[in-house]
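[1] return atomic coordinates for the entry below.
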Amino acid sequence: MKGDFSRDTFDPAKHFTRVLMQQGRVMLDSDWNEQGSLLLHYLRSLAADLIGPHGGPQNVCGFKIMTAADLNSSCAPETPETEGADDLRGRTLARNFLIGSGRYYVGGLLCENPRVATYATEARLPALAQPDLAAGELADGAYLVYLDAWEHHVTALEDESIREVALGAQGPDTATRARVAWQVRALRTAEFERVECGNIQESNQWKTLLATLQPEHRGLLSAKADEPDDPDSFEPCTLSPDARFRGAENQLYRVEIHRGGRVGDARPPTFKWSRENGSVMLPVSTVAGQQVTLDRLGRDARSGVQVGDWVEVFDEDLTRRDRPTPLLRVTEVNPVDMVVTLDGEPHDAPDAGERAEPMRNPLLRRWDQKEGDPRRGGLELRDGAALVKEGRGDEGWLELEDGIRIKFEPNGNYRAGDYWLIPARTATGDVEWPGEVGRPEPRPPHGVTHFYAPLARIEVGGGGVTVRADYRRRFVPLAACFPKK
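    Prediction:
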């Protein structure tokens, strides 16, 4: 989550159950956030253990894949799965299908669809499209329809209802939010044709697809700070040039994969990093060519942009897609008119089958990577992002800034959006990272973890959609297991 946090202290391996406040002590954001993480970890683990990888309550099992004929049939009953479908009755959907309302659990995450939605955005009924994916109509062929769910971070810039207006439009923001985002996706494939509904989770086809969507080895990262030549000379209260972490402030570094893939690919993986956990965001008023007009500038240099910075102009709809947003360099900043000039136009061409739509809520985010000397561990940039370089042992360390170094372990299969968090502290001149001094442990990404569930198998052809199999699982409420008296 790209927020202005001090650090993320939740670690399931410690088996903590709750956070206990003490009187007269300093309250930190990390303590508050860890309490929420502990409770969510318990609840989601419990739900996954009881329900399984995925499933929905029998009476309101959501995300049923339907066609327009299912609603238009004269004998089609009103069910919880068709809540809010009145606007769709009597209409035809040539190469589109419907997503039923209700609830469904995936990996312990509760996914809720309050009303029937369309898979693809219908020009006549755009408000009924699924909320987190702008999809186009389907071509002829066989498809596996599956659910992709994850936790998404939301700030007051994305949702104005979070902001307390009593603090003023330009006043300080407060806490942020996290929400469960979901997408119903359609993968064109005929490999699931012979898979029975009850065996989908254990089938080789589904396991192969999961390994593609979320590789088991999504990369391992180690982090450390340069050690002083004489460790005994380090004074915690004095910022010395020999300090291992030479930054003037405590920071939470974020290393995030920008373009996924493997080292050695024709288009190799890249990463970007931020000393503020990617939290430096500015609202955009207008975009005209290479000029971006901001609603407001940052309060200071720490929360603003300067000439030479790498930024991305994105929309929340675009960040939920699989391709990376272009990184552009700031060439000029006009603080009077609040206009930032970039070295290119911040556009993002749609994928095949997706509609090209204007940004509804554009934002500008700053990243802090800089070009360096590769012979000394400096970063080598490609299109604004740093190349992922892997190394073994003492080889392959890359320097971010102020003595902060990272290393990617070999054979990573990197996924765009995955990230690592590195707290750096001036009091110790070091970073907080598991492992012994000088030998940090390689760790998998802190996130983002996605959860997947198969929903249905469909065929598109003859100007319509046919549902061939329903892969959803249903569970009966515990109270229904007891005999009635």
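
[2] quick one: low-confidence parts of the stretch 1-150 of the chain?
    Applying pLDDT under 70 to the stretch 1-150 of the chain picks out residues 72-92, 123.

[3] list the buried residues for the strand ranked longest in the chain?
    Looking across the chain with DSSP state E, the single longest strand is strand 141-154. By neighbour count with 16 or more other Cβ atoms under 10 Å, strand 141-154 contains the buried residues 142-154. C-beta: built from backbone N, CA, C; applies to glycine.

[4] for stretch 282-298, what does the pLDDT average out to?
    Mean pLDDT, computed over stretch 282-298, is 91.

[5] run through who's touching that stretch.
    For stretch 282-298, contacts defined as Cβ atoms under 8 Å, 6 or more residues apart in numbering pick out 157, 170, 280, 304-305, 313, 335, 337-346, 359, 362-364, 366.

[6] thinking again about what came up before, next SSE downstream of the longest strand of the chain?
    strand 177-188 (DSSP states H and E).

[7] check which helices and strands the very next helix or strand once past that following strand sits against.
    Next in sequence after strand 177-188, counting helices and strands by DSSP H and E, comes helix 204-213. Using 3 or more Cβ pairs under 8 Å, 6 or more residues apart in numbering; DSSP states H and E as the contact criterion, the elements in contact with helix 204-213 are strand 141-154, strand 451-461.

[8] check the offset of the longest one from the chain's centre.
    What that stands for is strand 141-154. Strand 141-154 sits 12 Å away from the centroid of its parent chain (Cα atoms, centre = their mean, to the nearest Å).

[9] relative to strand 451-461, how tilted is it?
    Put simply, strand 141-154 runs at 140 degrees to strand 451-461, going by axes from the mean of the first three to the mean of the last three Cα atoms, to 10 degrees.

[10] relative orientation of strand 141-154 and strand 177-188 in degrees?
    170 degrees.

[11] how about the shortest one?
    In this structure, strand 451-461 runs at an angle of 40 degrees to strand 177-188, with the same axes, to 10 degrees as the basis.

[12] list the neighbouring strands of strand 451-461 plus their orientation.
    Strand pairing for strand 451-461, determined by DSSP bridges: strand 141-154 (antiparallel), strand 464-470 (antiparallel).

[13] on that earlier part again, I'd like the helices and strands packed on helix 204-213 laid out as a markdown table, including distance to V330.
    As requested, the helices and strands packed on helix 204-213 are arranged in a markdown table below (distance: least, Cβ to Cβ, whole Å):
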| stretch | distance to V330 |
| --- | --- |
| strand 141-154 | 24 |
| strand 451-461 | 37 |
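
[14] what's the helix or strand harbouring L421 in contact with?
    Per DSSP H and E, L421 falls inside strand 419-425. The contact list for strand 419-425 (Cβ under 8 Å, 6+ apart) reads 6-8, 221, 223, 225, 245, 247, 250-257, 277, 402, 404, 406, 430-433, 443, 445-448.

[15] narrow the residues you listed to just the buried residues.
    By 16+ other Cβ under 10 Å, the contacts of strand 419-425 give 6-8, 221, 223, 225, 245, 247, 251-257, 277, 402, 404, 406, 430-431, 433, 443, 445-448 as buried.

[16] filter the residues you listed down to the ones in strands?
    Filtering the buried ones among the contacts of strand 419-425 for strands - DSSP E - leaves 221, 223, 225, 251-257, 404, 406, 430-431.

[17] among these, which one sits closest to M27?
    Distance ranking of these against M27, using Cβ to Cβ, places L252 first at 17.6 Å.

[18] OK, contacts around the closest one?
    The contact partners of L252, by Cβ under 8 Å, 6+ apart, come to F5, S6, R7, D8, R275, E276, N277, L421, I422, P423, A424.

[19] and the closest residue in space to the fifth one that isn't next to it in sequence, bridged to which residues?
    Okay, so that is R275. Among residues not flanking R275 along the chain, Q251 sits closest, at 4.7 Å (Cβ to Cβ, 6 or more residues apart in numbering). Applying DSSP bridges to Q251 gives these bridge partners: A424.

[20] I'd say Q251 and E276 touch.
    Yes: between Q251 and E276 there is a contact under Cβ atoms under 8 Å: 7.2 Å.

[21] who touches G412 in this structure?
    H217, R218, G219, L220, R262, V263, P269, V388, E390.

[22] hmm, I typed the wrong one, I wanted G372.
    Contacts of G372 by Cβ under 8 Å, 6+ apart are G378, L379, E380, E399.

[23] if you set the cut-off to 6 Å instead, what comes out?
    By Cβ atoms under 6 Å, 6 or more residues apart in numbering, the residues touching G372 are G378, L379.

[24] could you give the mean pLDDT of the strand holding L421?
    Across strand 419-425, pLDDT averages out at 96.

[25] distance between it and the chain's centre?
    Relative to the centre of its chain, strand 419-425 is centred 17 Å away, using Cα atoms, centre = their mean.

[26] which parts of it are buried?
    Y419, W420, L421, I422, P423, A424, R425.

[27] quick revisit: derive a PyMOL selection command for the buried subset of the contacts of G412.
    Buried subset of the contacts of G412, written as a PyMOL selection, criterion 16+ other Cβ under 10 Å:
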select buried, resi 218+219+220+263+269+388+390
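
[28] among the contacts of G412, name the ones in strands.
    Reading strands off the contacts of G412, I find no matches (DSSP E).

[29] now the contacts of G412 in a markdown table, with distance to P126 and pLDDT?
    Converted to a markdown table, the contacts of G412 look like this (distance: Cβ to Cβ, whole Å; pLDDT from 0 to 100):
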| residue | distance to P126 | pLDDT |
| --- | --- | --- |
| H217 | 40 | 91 |
| R218 | 35 | 94 |
| G219 | 38 | 95 |
| L220 | 43 | 97 |
| R262 | 38 | 95 |
| V263 | 41 | 95 |
| P269 | 35 | 96 |
| V388 | 39 | 97 |
| E390 | 44 | 95 |
